[in-house]
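Engineer: please work out how this folds:
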Amino acid sequence: MEAVVDRRAFLKTGLLVGGGVVAGMPLSKAIWASEGKVLKARSAWDVTTLDPGFYTANEEVEVMACIYSKLTHFKPGSEWSWELEAAEKIEQVDPTHIRFSLKKGIKFSGGYGELTAKDVKFSFERVIKHNSPSKADWGPLDRVEIEDDHTGVVVLKSPFVPIWTIALPFGVGTIVSEDAVMKATKDGGNFGMTPPAFSGPYMLAEVKPKQYMLLTRNPDWAGAKPGFDEIRIVPIDDDKTAERAYQAGDIDFTKITLDSLTTFKENPPPDTKLEERSSLRYIWLGMNVDHPKLKDINVRKAIQWATNVPQVLDAAYAGHAAVATGVIAPGIVGHREKALISPEGDLTKAKAFLEKAGVSDLTLTIDCLNDSTHSTIAQTVQAQLSEVGIRVDVNMQDSGSFYTIGMESEGQRWKDIQLIVNDIMSLPDPHYALQWFTSEYVGIWNWERFRDTRFDELIAKAVTVDDLDERAKLYHEVQDIMEESGAYRFLTHGGAPIAYRTTRMQAATRPDGYPLYLAFKPV
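Structural biologist: Residues are numbered from 1 along each chain as shown. Sure, this is the predicted structure:
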């Protein structure tokens, strides 16, 4: 969707982000002159969809939170919690029924009327109906029953503990207009980058892929007025490039790298506040178990043991990142105290596994993002595997290419994946970190093509369990199964330091450092 912003004059030439400049000119000079209160922020991902039922990345949900409404949303701060948004009241009646009452007067733009319970029903159920890649967020959702225009009941087929920390406050819990979506898509499916109606404090004014996105105030919004007249989001894949853009004044909010944190502390840019948050991300080395070169588990175990994780982290994070024990971060239910394979690995064991497989002169590829962190991880693994006689070629790709490489719906590239450095954001329930590795997600998000019946059974069982100790035991076993498959070498959860300009804003984030733009306050 592209709407004309009459009071802005955009450059006629193309904008190319890189090194903190745009077409040789600082972004702050090149795009437009500031008018009113403006929030300029960096996104690590170029938004590819604004349909919440089919989101693919956290950065997309950040934008959706500004232009749509949800029953609940995450509260900013250092502790994970949620609060009411479009819901006036919401309660769990029993393990499979959640009743909600909507606030009155929330309107959709474009003359599509008030947000009602039928829009909630349509929004939630379409995720399942259209087999969205994000449908696992809804777990065993059955239906939404409408009681009246403003009241309804979410009905589950079985108990689903993560509904409060995944489904409702995040992506798939976002509410869209049934009338608007049906008119735009005919079948209620994915509307991609063209939202047919808005119900949040902001609306999409302009988007230029790989360049910028502009959000302006929604004139139909009748709720509390947000702090900024505009939100300008610049996608910058590489953290180092984002740091330079921040120092140049092109953006006023960004994540920074762990290895730059000390430098920023010792010599911070003017008027800058640094905040360190605990990351829930998980970064790992994955192996495609279906590829002919990696079908033998002994080859995969050789790669696991040949990978020295502390060395990888020293190179990629200057030693500031801690070793991961699995996909579940410290502080989250199911975190393991240690992995089955020692962090340092063992070259002797690695060579023994290769000998057992009868493999020599093995050549593999490793795919990764083309930013400084992931490329360093890949190159360090490349060097380590050479010590056991495995030659590795590194394939670096931008985010648009990389994040579709394992999807069967996007072509045939999934067949060629061998090794891959992967990195996924998580939420404060272990289900979000693990749901993508089930057999159901092979060829969607499960790029290792890992399949295990016991794993799938445990994932299904764990979401029904309220007892924290019992849940933890189930998730410990789940991660053991992953590691024993040879398809995974867990690396780190990284870190989540952020920097923002105190002369422009008071930032508001989730406990893991991701921005909640609606809660930002101007200075």
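Engineer: wait, what's in contact with Val155?
Structural biologist: Thr96, His97, Leu141, Asp142, Arg143, Val144, Glu145 (CB atoms under 8 Å, 6 or more residues apart in numbering). Just so you know, the C-beta spots here come from the backbone N, C-alpha and C atoms, and that holds for glycine as well.
Engineer: kindly report the same for Ala433.
Structural biologist: Residues in contact with Ala433 (CB under 8 Å, 6+ apart) are Leu280, Tyr282, Val327, Ile328, Ala329, Ile332, Ile424, Ser426, Leu427.
Engineer: on that earlier part again, now intersect the contacts of Val155 with the strands, please.
Structural biologist: Of the contacts of Val155, the ones assigned to strands by DSSP state E are His97, Leu141, Asp142, Arg143, Val144, Glu145.
Engineer: all helices of the protein, in order?
Structural biologist: Under the criterion DSSP state H, the chain contains helices at 27-30, 58-67, 117-129, 178-185, 239-247, 258-266, 297-306, 309-317, 347-357, 372-386, 399-402, 430-434, 453-462, 468-484.
Engineer: against which helices or strands is the third one packed?
Structural biologist: When you say that, I think you mean helix 117-129. Secondary-structure packing of helix 117-129 (3 or more CB pairs under 8 Å, 6 or more residues apart in numbering; DSSP states H and E): strand 97-102, strand 141-148, strand 151-156, strand 174-175, helix 178-185.
Engineer: would you point out the most distant pair within the contacts of Ala433?
Structural biologist: Pairwise distances across these peak at 13.9 Å for Ile332 and Ile424 (criterion: CB to CB).
Engineer: between these two, which one's more packed in?
Structural biologist: When Ile332 and Ile424 are compared for neighbours, Ile332 comes out ahead with 21 against 16, by other CB atoms under 10 Å.
Engineer: the closest residue to Asn422 other than its chain neighbours bridge partners, please.
Structural biologist: In space, and not counting its chain neighbours, Asn422 is closest to Gly286: 5.3 Å by CB to CB, 6 or more residues apart in numbering. Beta-bridge partners for Gly286, by DSSP bridges, are Ile420, Tyr488.
Engineer: pull the number of nearby residues for Gly286.
Structural biologist: With other CB under 10 Å as criterion, Gly286 counts 23.
Engineer: ok, now how distant is it from Asp137?
Structural biologist: Separation of Gly286 from Asp137 (CB to CB, to the nearest Å): 22 Å.
Engineer: same question, Phe450
Structural biologist: In this view, Phe450 and Asp137 are 20 Å apart by CB to CB.
Engineer: and the pLDDT at the closest residue to Arg449 other than its chain neighbours?
Structural biologist: Nearest residue to Arg449, sequence neighbours excluded (CB to CB, 6+ apart): Asp290, at 4.5 Å. Looking at Asp290, its pLDDT is 98.
Engineer: now do the same contact list for Thr373.
Structural biologist: Applying CB under 8 Å, 6+ apart to Thr373 gives the contacts Asp239, Thr257, Ala316, Tyr317, Gly494.
Engineer: recalculate using a threshold of 7 Å.
Structural biologist: By CB atoms under 7 Å, 6 or more residues apart in numbering, the contact set of Thr373 is Asp239, Thr257, Ala316.
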